[in-house]
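**Student:** Quick one, what's the 3D model for this:
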Amino acid sequence: MLRELQAVTEGLAARLQRDVAIDDPRMRLLAHTAHHGLVDQARTESILRLQAPPAVVGYVVALGLDRAGKPVVRVPPAPELELLARVCAPLRAGGELLGYLWLIDADESLTEQDFEVIAETAQSAAMVLQRDRLLDDLRASRERELVRDLLSADPEVRVAAADALAALEEPQAGPARVVVVNVPAAVDMLADELIAKVDRALDRVARQLVPRRCLRLVRVDHGLLIVPLGPGGRDIAPDVARAARAALQRVLHGTEVRSGVGDRVNELADAVNSYRQARTAVRVSEVIPGFGPDVAWSELGVYRILVHLPLDELPEDAIPPELLALLDSPSGREIVRSVEVYLDRAGDARAAVDALKIHRTTLYYRLGRFAELTGLNLSDGGDRLAVHVGLKLARLRGSYTP
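**Tutor:** Residues are numbered from 1 along each chain as shown. So this is what the prediction gives:
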């Protein structure tokens, strides 16, 4: 694409003996020619930095060139910006702005016939940009399909997808971890618009933080990134997860977003395992207090076991009935909460009272009342385990939410 644009600009420059440049819609330089005549500081800086100076970008935006009704328009000089007079041809295809074609015209000597030549060249440049955009869209669509297959339940489909992705340009290879960010159901936005916004946000994060190619996929309720290890084998997935969560919260206007990170996998075909772990980490953090907004699978502790149980199929008495009975009253829930904190801290009374912000005597009173009301002895290893696991199951099932 860049080679074709360069040929287009050089052909026009040779024909009109003017300096020609093409920018994208954000005024990042795509192609430019050797100098013909006067060149101003704005053009020089654009060539050096591959981006027009911010003040010049603001000047162009204020002129409304993206909405110009004519195929070629004159741009007045701006001495304070060291900007000579120019002509600009907005590059459009299908009503979409694809960029700008510029010629310096300090003495405003370009004629109407020259404008016709410029307009024809602008059409050619727009066709090149549109074709490249379509090819990019096709490549991105194909990549999304392969990432979906990479997460399939069928091992053969996963291996075929990994092989196909490896055959693409700049393949992602080597160890990686999957990052998942949830998209809350409460977001008031059409599905297509929501997916597009989340996809752009994840793409920006990946470009900023991941030095290598980073596969991604967005679904209605979550997005994911397959994050390869950074330079020197550095694990950058946690940083990417935090940045992705923050980016989505901005896009979704402050709606709470959570991220999860799966374990490392060495082969792309195994990414589905890290993906499942990351999704589970998000789900657990949503229903279990104590986890922050960014959680790794490796941090879930006993929940890594409990989440594999068929919670909907467990009978009611899988959780000690005496324990469930206490959850029916505020005073009972207060006692249960104290017991849970005490057990979470391995029976360390000092750590428990610090966490609960109560007196030690109050803690011992509640532990005693728990034993009286349930008949369960926390000094007995079996009862202690049954209570502790029962509380975690109750949380996962939603029957215990202090």
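
**Student:** The longest helix anywhere in the chain: which residues count as buried?
**Tutor:** In the chain, with assignment by DSSP state H, the single longest helix is helix 112-150. Neighbour-count burial for helix 112-150 flags 114-115, 117-118, 121-122, 124-126, 128-130, 143, 146-147, 149-150 (criterion: 16 or more other Cβ atoms under 10 Å). Glycine gets a C-beta too; all of them are placed from N, C-alpha and C.

**Student:** With stretch 326-341 instead?
**Tutor:** Neighbour counts over stretch 326-341 (16+ other Cβ under 10 Å) mark 326-327, 332, 334-341 as buried.

**Student:** quick revisit: okay, buried residues for the helix or strand following the longest helix of the chain please.
**Tutor:** Going down the chain from helix 112-150, the next helix or strand is helix 155-167, by DSSP states H and E. Buried residues in helix 155-167, defined by neighbour count with 16+ other Cβ under 10 Å: 158-162, 164-165.

**Student:** ok, residues contacting helix 155-167?
**Tutor:** Helix 155-167 is contacted from outside by 143, 146-147, 149-152, 171-173, 215, 267-270, 272, using Cβ atoms under 8 Å, 6 or more residues apart in numbering.

**Student:** and it with helix 112-150, angle?
**Tutor:** Interaxial angle of helix 155-167 relative to helix 112-150 (axes from the mean of the first three to the mean of the last three Cα atoms, to 10 degrees): 150 degrees.

**Student:** Please report how far the most centrally placed residue in the chain lies from I118.
**Tutor:** Using Cα atoms, centre = their mean, the residue of the chain that lies closest to the mean C-alpha position is L202, 2.4 Å off. The gap separating L202 from I118 is 39 Å, by Cβ to Cβ, to the nearest Å.

**Student:** Ok, K197 next?
**Tutor:** With distances taken as Cβ to Cβ, K197 is found 36 Å from I118.

**Student:** Repeat that for G332.
**Tutor:** 81 Å.

**Student:** Can you tell me the element the residue nearest to the centre of the chain falls in?
**Tutor:** Of the helices and strands defined by DSSP H and E, L202 is found in helix 191-209.

**Student:** packing partners for that helix?
**Tutor:** Packing partners of helix 191-209 (3 or more Cβ pairs under 8 Å, 6 or more residues apart in numbering; DSSP states H and E): strand 215-218, strand 222-228, helix 237-251.

**Student:** Show me what the longest one is in contact with.
**Tutor:** Helix 237-251 is contacted by residues 177-179, 181, 183, 197-198, 200-202, 204-206, 208-210, 223, 225, 227, 255-261, 293-294, 296 when judged by Cβ under 8 Å, 6+ apart.

**Student:** Now do that helix, average pLDDT.
**Tutor:** Taken as a whole, helix 237-251 carries a mean pLDDT of 92.

**Student:** Which other helices and strands does whatever helix or strand comes next after it contact?
**Tutor:** Using DSSP H and E, the helix or strand that follows helix 237-251 in sequence is strand 259-261. On a contact count with 3+ Cβ pairs under 8 Å, 6+ apart, strand 259-261 meets strand 176-182, helix 237-251, helix 271-287, strand 294-296.

**Student:** returning to that earlier point: which among the buried residues of helix 155-167 gets closest to P321?
**Tutor:** P321 lies nearest to R158 out of the buried residues of helix 155-167, by Cβ to Cβ, at 43.4 Å.

**Student:** pLDDT score for the closest one?
**Tutor:** The per-residue pLDDT reported for R158 equals 88.

**Student:** Low-confidence regions, the chain specifically.
**Tutor:** Counting by pLDDT under 70, the ranges of the chain that qualify are 1-2, 36-37, 136-137, 168-173, 185-191, 400-402.
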